[in-house]
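Visitor: dropping a prediction and its sequence here:
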Amino acid sequence: MIKTIRKRHGIVVILDALGASSYSDEKIKRFLAARSFLNEVLANLSKQLNNISKLKKPNTYTFGDTLIVVQEFGKTDIGTQLLAFFMLMQNYLYHSMEEGILFRGALSVGSYIEDNGSNTVMGEAIADAASWYEKSDWMGLSSTPRTNNFLEYYLESSDLNDPNFIVYYPVPMKDGRKIDLYTVSWAGRFSHDEKEVPSPRRRFLELLKDLPVPLGTESKFENTKKYFTYVETQIVEMPIEHQS
């Protein structure tokens, strides 16, 4: 019997762990354990958000140090599903940093085909994200240029454009360019913990201070800190009732 593989439409994310190619055997073991834990976190968070947004459960695929997340859209209220997915990935990036893993990647919206049985996912959205996920020079998750137009359509008529969750930002590229893209506001997640820590910035710097900075990666860390400062400023300048 030939299995029917259905084309889907939704969000595709491709992330790679920065510096993983130079991990020692011990660090690889810690990375694999942390990634397993983070994938459980992703599954649990999606269940919680499903009660609010009817967001379908995302599927994840791992290839070495690369993670692919695919999220099929439901038929209605795409704006709410987008916000829920951004919140989902925001928490994933935040908890990854807590585990000492810095991810960099790209987000695309479009069609794709997946087959869980053969651990295969392909299609235009995958190709689009694959073209961009290694191009940025920082830790973070941003839209592809093509996806900007899709997001702008929904951001124009909703409350999605909130620095606590989504930030439009000139993302630094490895070739020296800066491209204006929508980003998952992992930095905004730190402001949600304000009651538990002295300050969001202090917590952020606490997580960074023990991470190695291999030669040639200095700009990634500096660009990551600049992004945090930008988001922090945007949140502080918001009306009090919208700051968290």
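Guide: Here it is on my side, so go on. Fair warning: this is a prediction, and the values are worked out from it, not measured in the lab. Numbers count the residues shown, from 1 in each chain.

Visitor: quick check: buried residues in the strand or helix carrying residue 104?
Guide: Residue 104 is located in strand 103-115, with elements delineated by DSSP states H and E. For strand 103-115, burial by neighbour count (16 or more other C-beta atoms under 10 Å) applies to 103, 104, 105, 106, 107, 108, 109, 110, 112, 113, 114. The C-beta positions use only the backbone N, C-alpha and C, and glycine is treated the same way.

Visitor: packing partners of that strand?
Guide: Applying 3 or more C-beta pairs under 8 Å, 6 or more residues apart in numbering; DSSP states H and E, we find strand 103-115 packed against strand 7-17, strand 66-72, helix 78-98, strand 120-122, helix 124-132, strand 140-143, helix 145-155.

Visitor: angle of that strand against helix 124-132?
Guide: Orientation check (axes from the mean of the first three to the mean of the last three C-alpha atoms, to 10 degrees): strand 103-115 against helix 124-132 gives 150 degrees.

Visitor: sheet-wise, list the partners of strand 103-115 with their directions.
Guide: strand 7-17 (antiparallel), strand 120-122 (antiparallel), strand 140-143 (parallel) (DSSP bridges).

Visitor: output the ones you listed in JSON lines; the columns should cover distance to residue 96.
Guide: Putting these into JSON lines (distance: least, C-beta to C-beta, whole Å) gives the following:
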{"stretch": "strand 7-17", "distance to residue 96": "8"}
{"stretch": "strand 120-122", "distance to residue 96": "21"}
{"stretch": "strand 140-143", "distance to residue 96": "10"}
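
Visitor: residue 26: neighbour count?
Guide: Under the neighbour criterion other C-beta atoms under 10 Å, residue 26 is assigned a count of 8.

Visitor: and it, how close does it get to residue 32?
Guide: Using C-beta to C-beta, to the nearest Å, one obtains 11 Å as the distance from residue 26 to residue 32.

Visitor: what do these two both touch?
Guide: Residues touching both residue 26 and residue 32 (C-beta atoms under 8 Å, 6 or more residues apart in numbering): none.

Visitor: circling back to that earlier point, just flag the most distant two among the buried residues of strand 103-115.
Guide: Farthest apart among the buried residues of strand 103-115 by C-beta to C-beta are 104 and 113. That separation is 25.4 Å.

Visitor: heading C-terminal from the longest helix belonging to the chain, find the next helix or strand.
Guide: Taking DSSP state H as the criterion, the chain has its longest helix at helix 25-53. Going down the chain from helix 25-53, the next helix or strand is strand 59-63, by DSSP H and E.

Visitor: contacts for that following strand?
Guide: So strand 59-63 is contacted by 35, 39, 42, 67, 68, 69, 70, 71, 114, 116, 119, 121 (C-beta under 8 Å, 6+ apart).

Visitor: filter those to the buried ones?
Guide: Burial by neighbour count, 16+ other C-beta under 10 Å: within the contacts of strand 59-63 this picks out 35, 42, 67, 68, 69, 70, 71, 114, 121.

Visitor: tabulate the residues you listed (CSV), appending distance to residue 176.
Guide: Below are the buried ones among the contacts of strand 59-63 laid out as CSV (distance: C-beta to C-beta, whole Å):
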residue, distance to residue 176
35, 31
42, 33
67, 27
68, 28
69, 29
70, 31
71, 32
114, 35
121, 32
